[in-house]
Structure formats: C-alpha cells, structure tokens
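>>> Give me coordinates for this.
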Amino acid sequence: MRAADVPFEKVTAKNFPKGPDSLAPGHRACQGCGEVLALRLLLKALGTEFIAVSATGCMEVCTGPFPQSAWRMPWVHIAFENAAAVASGVEQAVHVLRRKGRGHQQRIPVVAIAGDGGTADIGLQALSGALERQHVDFVYVCLDNEAYMNTGIQRSSATPFGANTTTSPVGVKSKGQYTWKKNMPAIAAAHGIPYVATATPANYLDLMNKIRRAVAIEGPAYMHVYAPCPTGWRMKAELAVESAKLAVSTRIFPLYEVLDGHYAIRKVDKPTPIADYFKIQGRFRHLNAEDIEAITKKVNSEYDRIVSLSETFPV
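Presented below is the predicted three-dimensional model:
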C-alpha cells in the first residue's frame, strides 16, 4: 500500500482530542515557548499508546527535572546524541516481546524526539542509521528552534543565515551565522523512507494529522517541526505563533510531505515579504536591504525546487 493511501483517523475542529493528555501542564518551559506548544499538539494527537525517547535539550529539561516528570506515558530520557539509536533499540525490544506473546500485542509506536542540535549535528549519524535500517514502528521528530537554546543560544547547522547567536555574533565584519540552514527533511528523504513531513504549531491540524499519518505508515518516518523560541530569537513571548505563520507565508518554512518519494506541498502563491518575518525577531535586526534581498532569492529558489518536485511527482 502506498504511504498516501494508508488510513488514519484525521483530526478536525469537531473531533479535536480532549484528553487524556500525555504531557501534564506542570512543565517549566519559557513563556511563549513555541516548542512546547508543538510538543503538546504532537502528544495530544498521539494519545498515550506510544513510547517516547527524548534526547537532552529544552524539552527534556523543562518536562523532566529529576525526580519530577510531566510525561504521563512511557518516556525515556537519553543522551544528546543518541535519540535515534535508543529509539531503535526500544522499537526492536517491543517487536521481540510482541513476537513472544508478552506485553501488548497491538502496535506500540516508538517516537524519538530531539532538537535541531541533537538531530542535524550531534545525532545525525544515529538518525541516518535508524532510517537506513527501516525500523517499522519508528517516528523521529525534530523540534527545530534553530540553535542550541538550552545551553545558551549557540549556533547549530540548522541556524539560518544571518541569525545572531552567541557563537555566531554580529560584528564589524560579521553578519552573524554565515552558512545556510542544513536541509534535514531532504537528507531524511534521501534515505528512501516512506514518509517525511514539515509542520508548525501555527498550522495545528496539519501538524497533528501529519504525526498521525507518520505513526500509521509502516516503516520509519521523519517529521521536521518549526519550533519558535522567543527567548533565543529575541522576540516578544506572544509572537511565537505569529512567527510560525510568517515562516510559512514568506516561504521560509514550506509545509510539505514526501510520501514514498512523492512530494506534495502547500503552495504559497503570493508570499509575504521576508522583511515582515525578520522585523519581529531581534536576532535579525542587523540585516540590511541587500542581505534581505539575497535571503529572499535563496528562499524562493528552494521553494521553487520543492514545487517542481511536487509537480513532477503528483501524489
């Protein structure tokens, strides 16, 4: 069965899950944190019948300070770099127990959760191995706040060009981050896995349905979730959702799926000026008109590439 044809129960405004939530309200995230909002929506869509493997990072720190935990289902905290490796082992252990008639006999999905540092940098080798091995009940979720926020706002390879961080500071001869954001969804898709998707907490039904589809599909799946960070991005706490909306409407963060190699994108025919996205975030306040023009050109080029793929390979 094609990945696009795998049935799953869609989330709508009418049947929006009311509980029980697998993440309790007693977490310690910053005010306005878009990452914990994205996590809460993901977990609300999943319910409680799954196992989470969480790498060290913002979400682990704010939800699991020993001896407390905000998680209401099986949750494993592991090191920064090995979310995919541990999740692979857990997935195989569940498979063996089911084969031997022990424990739950229904599918128990294993969901690995990590930030952009634990995914695009230090955890990339483990993730690549897990995707290559084609684990059946394995979903990897990258909550991308575009820097190492938990340890002091250091740049990662997912930090966008021009962003000011503590390790890519703006100076007389520096525009901040000097490399372009690593394209993790494309890297995941290159492994030939059944499902890859991008999502944001602003498009909450889209996000929730994508995680449900990811779990329903047989084989490994990868989700890259935009996770606004008011603290690290130097913006007002109430602007996390607005920044996510602007990321999509400017084409900076296109929403798309890759199902068995076939692309499907939510088109943005009349994009919002990228300057609107930049002006609410202090990390970009140093950029001039020439910088913004160069970034706009790069963003539109990548967007057009994805559109061309979706037109060539319709779902």
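
>>> contacts and neighbour counts: CA atoms only from here.
Noted.

>>> Can you give me every residue that contacts the residue positioned nearest the centre of the chain?
Nearest to the geometric centre of the chain sits residue 225, at 2.4 Å (C-alpha atoms, centre = their mean). Under the criterion of C-alpha atoms under 8 Å, 6 or more residues apart in numbering, the neighbours of residue 225 are 38, 141, 142, 143, 144, 198, 199, 200, 201.

>>> same deal with residue 43?
For residue 43, the contact set (C-alpha under 8 Å, 6+ apart) comprises 21, 22, 23.

>>> Now with 10 Å, please.
Residue 43 makes contact with 21, 22, 23, 37, 50, 52, 71, 208, 211 under the criterion C-alpha atoms under 10 Å, 6 or more residues apart in numbering.

>>> Show me which positions of stretch 124-143 end up buried.
Residues of stretch 124-143 classed as buried by neighbour count (16 or more other C-alpha atoms under 10 Å): 124, 126-128, 130-131, 134-143.

>>> In helices, which of those residues fall?
Judged by DSSP state H, the buried residues of stretch 124-143 include 124, 126, 127, 128, 130, 131 as members of helices.

>>> Strands of the stretch 101-250 of the chain, start to end?
Secondary structure of the stretch 101-250 of the chain by DSSP state E, counting those that start in this stretch: the strands cover 110-115, 138-144, 170-171, 174-175, 195-199, 221-226.

>>> mind putting those strands in TSV, distance to residue 236 included?
Converted to TSV, the strands of the stretch 101-250 of the chain look like this (distance: least, C-alpha to C-alpha, whole Å):
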stretch	distance to residue 236
strand 110-115	22
strand 138-144	19
strand 170-171	21
strand 174-175	23
strand 195-199	22
strand 221-226	17
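
>>> What about the contacts of residue 43, which one has the most neighbours?
residue 208 (26 neighbours; other C-alpha atoms under 10 Å).

>>> and the gap between residue 241 and residue 76?
The gap separating residue 241 from residue 76 is 29 Å, by C-alpha to C-alpha, to the nearest Å.

>>> Between the two, tell me which one has more neighbours.
When neighbours are counted by other C-alpha under 10 Å, residue 241 comes out ahead of the other of residue 241 and residue 76, with 20 against 17.

>>> re earlier: could you dump the strands of the stretch 101-250 of the chain to JSON lines with mean pLDDT?
Putting those into JSON lines (pLDDT from 0 to 100) gives the following:
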{"stretch": "strand 110-115", "mean pLDDT": "98"}
{"stretch": "strand 138-144", "mean pLDDT": "98"}
{"stretch": "strand 170-171", "mean pLDDT": "96"}
{"stretch": "strand 174-175", "mean pLDDT": "93"}
{"stretch": "strand 195-199", "mean pLDDT": "98"}
{"stretch": "strand 221-226", "mean pLDDT": "98"}
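
>>> These: which one's closest to residue 189?
Closest to residue 189 of these is strand 195-199 (C-alpha to C-alpha; 6.2 Å).

>>> How far does that closest one sit from its chain's centre?
Strand 195-199 sits 8 Å away from the centroid of its parent chain (C-alpha atoms, centre = their mean, to the nearest Å).

>>> helices or strands up against it?
With contacts taken as 3 or more C-alpha pairs under 10 Å, 6 or more residues apart in numbering; DSSP states H and E, strand 195-199 sits against strand 138-144, helix 184-189, helix 204-216, strand 221-226, strand 256-259, strand 262-265.

>>> Out of the ones you listed, flag the one nearest residue 60.
The closest of those to residue 60 is strand 138-144. By C-alpha to C-alpha, the value is 11.7 Å.
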